[in-house]
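Undergrad: just to be clear, the model below is a prediction. Sequence and coordinates:
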Amino acid sequence: MAVLGAILFSAKAILAKLMYRHGVDAMLVMALRMIMSVPFFFLIGWWQARKLAPLSWADRGRIVVLGMIGYYLSSFLDFLGLQYITAALERLILYLTPSFVLLLSVVFLKRSISRRQLVSLAIAYAGIVLVLSHDLEIAGSNVWLGTVLVTASAVFYAIYLIASGEAVKRIGALRLVAYAMCVSTVPSVLQFLLLRPAGQLLTQPLPVYWLSFLNAVMCTVLPVTMTMVAVARIGAPLASQAGLIGPVSTLLLGFWLLGEPITTWQLAGGALVMVGMYLLTSVPRAARQA
């Protein structure tokens, strides 16, 4: 479940790229994704609420803030960035999220950083530089804009992960995700209605709606649910390491469905990123034995 969830979630970028070929923009991709996925998350939240304690008003406020940060701002910046960079580079940048969690914790929570963590960061960021330099030669300066947008997306999601740490224990992981996704639907749709003609939601080519439905169900609802079930069965560290398949699957799907080339530079850079993040998220053997 952890592996399949990582593959499905990574395919989100592929579907967004396919939708862009029909002349839509990031706001429409985001609005359709949320409209089609929110009924599922509403049902998940309702089902979880039947088994868990009622929420306090303070936790309800936290859910609103977390939904805005983690599933509105982060997702919208990601879809914006995908208009300028390859799906493979996008997935590698998002895969750096644990490193941003670490760096934010060091700066704002005064956490210490070990030599192993510094080495892992150096390896992972060297991989991103390698892939980025390659893509700049091929696609031009717009790659910088896409990279900044997707990096900002990863940073906002890292903030969400840090801020949700304590709330998860009280609210429940699956209920928190379901409620936060429902909250993020409101600004996603309002943004589109304020900045685009409302009729565009109903006048798109049929492939746009099919791709949106796959994006909502196969690449949003199912991965979230499967990952949570996997964490419950095998624990967060092992489920996180299963996510190593994500960048690889994105690279292969991008080659197959989008025609994005696979080069030696991309393979080398991707390998460095995955090694660095594996070192960062895995527990050293000595710590496990202790």
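TA: Cool, got the structure.

Undergrad: so, low pLDDT: which residues of this structure?
TA: Scanning the chain for pLDDT under 70 picks out the ranges 283-290.

Undergrad: contacting residues around the closest residue in space to Ile234 that isn't next to it in sequence?
TA: Spatial nearest neighbour of Ile234, excluding adjacent residues (CB to CB, 6 or more residues apart in numbering): Ala2 at 6.9 Å. Placement of C-beta: from N, CA and C, glycine included. By CB atoms under 8 Å, 6 or more residues apart in numbering, the contact list for Ala2 reads 226-227, 230-231, 234, 238-239, 242-243.

Undergrad: now the residues you listed in TSV, with distance to Phe9?
TA: Formatted as TSV, these follow (distance: CB to CB, whole Å):
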residue	distance to Phe9
Met226	9
Thr227	8
Ala230	12
Val231	14
Ile234	17
Leu238	17
Ala239	12
Ala242	11
Gly243	8
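
Undergrad: out of those, which are buried?
TA: With burial judged by 16 or more other CB atoms under 10 Å, the buried subset of the contacts of Ala2 is 226-227, 230-231, 239, 242-243.

Undergrad: nearest to Leu206, of the contacts of Ala2?
TA: Met226 (28.0 Å; CB to CB).

Undergrad: that closest one is in what secondary structure piece?
TA: Element membership of Met226, judged by DSSP states H and E, is helix 222-234.

Undergrad: just checking, what packs against the helix or strand following that helix?
TA: The element immediately downstream of helix 222-234 (helix or strand, assigned by DSSP H and E) is helix 236-242. If contacts are counted by 3 or more CB pairs under 8 Å, 6 or more residues apart in numbering; DSSP states H and E, helix 236-242 sits against helix 2-20, helix 222-234, helix 264-281.

Undergrad: tilt between the first one and helix 222-234?
TA: With axes from the mean of the first three to the mean of the last three CA atoms, to 10 degrees applied, the angle from helix 2-20 to helix 222-234 works out at 170 degrees.

Undergrad: could you dump helix 2-20 to PDB, C-alpha only?
TA: Written as PDB, here are the backbone C-alpha positions of helix 2-20 (Å, rounded to 0.1, in the frame of the first residue of the first chain):
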ATOM      1  CA  ALA A   2       2.800   2.400   0.800                       C
ATOM      2  CA  VAL A   3       4.500   1.800  -2.500                       C
ATOM      3  CA  LEU A   4       1.300   2.000  -4.600                       C
ATOM      4  CA  GLY A   5       0.300   5.100  -2.700                       C
ATOM      5  CA  ALA A   6       3.600   6.800  -3.500                       C
ATOM      6  CA  ILE A   7       3.300   5.900  -7.200                       C
ATOM      7  CA  LEU A   8      -0.300   7.100  -7.500                       C
ATOM      8  CA  PHE A   9       0.500  10.400  -5.700                       C
ATOM      9  CA  SER A  10       3.500  11.000  -7.900                       C
ATOM     10  CA  ALA A  11       1.300  10.500 -11.000                       C
ATOM     11  CA  LYS A  12      -0.500  13.700 -10.000                       C
ATOM     12  CA  ALA A  13       2.200  15.700 -11.900                       C
ATOM     13  CA  ILE A  14       1.800  13.600 -15.000                       C
ATOM     14  CA  LEU A  15      -2.000  14.100 -15.100                       C
ATOM     15  CA  ALA A  16      -1.600  17.900 -14.600                       C
ATOM     16  CA  LYS A  17       0.900  18.000 -17.500                       C
ATOM     17  CA  LEU A  18      -1.600  16.200 -19.700                       C
ATOM     18  CA  MET A  19      -4.300  18.600 -18.800                       C
ATOM     19  CA  TYR A  20      -2.100  21.600 -19.600                       C
END
